[in-house]
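J.: below: sequence and its predicted model.
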Amino acid sequence: MVYRLIQVGTGGMGRHWCQTFLPPFVEDGRIEVVAAVDIVPQALIHAQEGLNLPAERCYTDLGRALAENPADCCTIVVPPAAHEAVVDLALAHGLHILSEKPIADTLDGSVRIAAKVRRAGKKMGVTMSHRFDQDKSTLRDELRSGRHGRLDYLVCRFTCDCRRFGSWGAFRHQIPNALMVEGSVHHLDILADLAGAPCETLYAQTWNPPWGEFAGDSQGLVTMRFENGTRAIYEGAKTNAAGLNGWGQEYVRAESEGATLVMNRRRVERFVHGAAGTPTTALEGQGETVSPSERPRWGHRWLIEQFLDWLDGGDPMPTEVNANLQSVALIFAAIESSRTGQPVRVQDFLREAVTAEDVRHAAFVGSA
């Protein structure tokens with residue numbers, strides 16, 4: 001089946017959707033992009049050039065685009081604070097949804113969106129693209145190969161120099177908690193995926209140094225314990241003097257019973273434990289290279305493929321909206337932990353938000 005799709009958001013990250021992510025699926029005959037929307041008229045040129053959309057099917061008003069172009073699904077590539085409003089309109093027109101991360105800019109908003117999608121009987125996926133990048137998948141495959149025994153703990157580093165206003169997109173410098181909401185949402189998700197279990201407890205400190213031109217916190221340190229006993233440490237920074245491990249170049253070390261695995265700037269290497277009784281020492285960069293995992297598509301393209309396969313009747317994508325509540329719970333638990341100075345029991349934290357939404361909805365239905 002060819003799915004009719006409306007692209008919502010064509011500037012910033014939306015430009016990549018128009019020029020890089022969607023065209024292969026148009027060429028393969030899996031989707032037909034019937035309209036594009038952006039509140040900035042100049043950004044619509046990306047849809048015209050990348051998706052060959054005529055100007056009359058490029059809109060600044062989402063409601064009009066939905067009314068004039070019958071569709072099966074839409075993408076959402078706009079700032080997180082605007083996600084829920086787009087979801088509401090999309091569901092009102094009976095559309096399935098594929099959205100950029102996070103689900104919303106608050107945990108309550110994320111839970112509401114998941115509930116609305118479920119009640120509407122529609123499908124919604126979230127593009128946690130970094131989890132599905134080649135280097136992270138290579139590390140995950142090596143960990144799950146069974147060759148190295150039990151996983152003990154993980155260390156992740158993501159550091160950048162985006163201290164000047166606008167260097168990370170102006171809106172990210174203006175929102176609260178930019179690091180967590182726009183950055184760490186990927187990395188904490190990756191750590192949970194590598195750990196292979198939901199997070200049990202999380203403790204975080206986030207802040208913005210005097211030289212960081214951010215309205216909210218741009219730096220963070222997080223410790224996590226997962227339900228299977230695996231632990232993790234995360235360092236995230238957007239205002240460092242130099243970016244050692246920025247986007248797509250992250251560092252992750254996985255300490256297992258039989259090996260130390262290191263992913264650094266896209267290379268994955270292994271250091272296998274030596275003979276019993278002989279201490280093993282090593283230098284990073286001198287380990288045995290792990291052959292990269294191979295598949296036709298990575299990142300966004302792989303996730304779009306998963307979404308379309310799901311619409312075709314296949315298995316739900318791993319990042320469907322209800323499963324992805326675990327990822328947003330991590331970032332908002334980190335924000336809450338930093339605010340209170342206390343560790344957060346993540347599953348209780350999420351459960352409370354879900355229960356509150358159920359109670360709110362029941363009260364609304366009862367009063368109607």
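T.: Thanks, I have it.
J.: next, give phi and psi for the residue positioned nearest the centre of the chain.
T.: With distances taken as CA atoms, centre = their mean, the residue of the chain nearest its centroid is residue 128 (3.1 Å). In terms of degrees, to the nearest 10, the main-chain angles of residue 128 are phi -80, psi 70.
J.: do the same with residue 203
T.: According to degrees, to the nearest 10, residue 203 has phi -130, psi 130.
J.: isn't it right next to residue 343, touching?
T.: Yes: counting by CB atoms under 8 Å, residue 203 does reach residue 343; the two are 4.2 Å apart. All C-beta atoms are positioned from the backbone trio N, CA, C, and that covers glycine.
J.: re the thing from before, the residue nearest to the centre of the chain against residue 101, yeah?
T.: Yes: with contact defined as CB under 8 Å, residue 128 counts as touching residue 101 (5.7 Å).
J.: between those two, what contacts are shared?
T.: 185, 186, 324, 327 (CB atoms under 8 Å, 6 or more residues apart in numbering).
J.: want to throw these into CSV with secondary structure?
T.: Listed next are the shared contacts of residue 128 and residue 101 as CSV, based on DSSP: H, G, I helix; E, B strand; the rest coil:
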residue, secondary structure
185, helix
186, helix
324, helix
327, helix
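J.: now, which of the residues you listed sits nearest residue 155?
T.: residue 186 (16.0 Å; CB to CB).
J.: so who does that closest one touch?
T.: If you count contacts by CB under 8 Å, 6+ apart, then residue 186 has 101, 128, 129, 130, 131 around it.
J.: contacting residues around the last one?
T.: When the contact criterion is CB under 8 Å, 6+ apart, the partners of residue 131 are 186, 189, 190, 193, 319.
J.: same question, the fourth one
T.: With CB under 8 Å, 6+ apart as the criterion, the residues that contact residue 130 are 136, 186, 187, 189, 190, 248, 250, 299.
J.: repeat the analysis, applying 6 Å as the threshold.
T.: When contacts are counted by CB atoms under 6 Å, 6 or more residues apart in numbering, residue 130 is found next to residue 186.
J.: check residue 26 too.
T.: Applying CB under 6 Å, 6+ apart, no residues contact residue 26.
J.: would it count as being in a strand?
T.: No: counting by three-state DSSP, residue 26 is not part of a strand but helix.
J.: and the contacts of whichever strand or helix holds residue 253?
T.: Assigned by DSSP states H and E, residue 253 belongs to strand 251-256. If you take CB under 6 Å, 6+ apart as the criterion, strand 251-256 is touched by 143, 148-149, 151-157, 245, 261-264.
J.: which of these are buried? Put it as a ChimeraX command.
T.: Here is the ChimeraX selection string for the buried members of those, based on 16 or more other CB atoms under 10 Å:
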select :143,148,151,153,154,155,156,157,245,261,262,263,264
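J.: nearest to residue 81, of the contacts of strand 251-256?
T.: residue 156 (26.4 Å).
J.: name the SS class of the closest one, please.
T.: Applying three-state DSSP: residue 156 is strand.
J.: list the contacts of it.
T.: 187, 191, 234, 252.
J.: next one: the nearest residue to residue 216 once chain neighbours are set aside from residue 337, what distance?
T.: Distances taken as CB to CB, 6 or more residues apart in numbering place residue 176 nearest to residue 216, at 3.8 Å, with adjacent residues excluded. Computed with CB to CB, to the nearest Å, the distance linking residue 176 and residue 337 is 15 Å.
J.: between those two, who's got more neighbours?
T.: residue 337 (22 against 13; other CB atoms under 10 Å).
J.: the more buried one is in contact with residue 344, isn't it?
T.: Yes: proximity of residue 337 to residue 344 meets the contact threshold set by CB atoms under 6 Å, at 4.7 Å.
J.: so how far is the longest helix anywhere in the chain off the chain centroid?
T.: Once the chain is assigned using DSSP state H, the helix that runs over the most residues is helix 346-367. Here helix 346-367 is found 24 Å from its chain centre; the criterion is CA atoms, centre = their mean, to the nearest Å.
J.: coming back round to it: give the rounded mean pLDDT of the strand holding residue 253.
T.: Mean pLDDT, strand 251-256: 99.
J.: just checking, what packs against the next helix or strand along the chain from it?
T.: Once the chain leaves strand 251-256, the next helix or strand it forms, by DSSP H and E, is strand 259-264. Packing partners of strand 259-264 (3 or more CB pairs under 6 Å, 6 or more residues apart in numbering; DSSP states H and E): helix 134-143, strand 251-256, strand 267-272.
J.: ChimeraX command to pick out the buried ones of the contacts of residue 156?
T.: Buried residues within the contacts of residue 156, by 16+ other CB under 10 Å, are selected in ChimeraX with:
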select :187,191,234,252
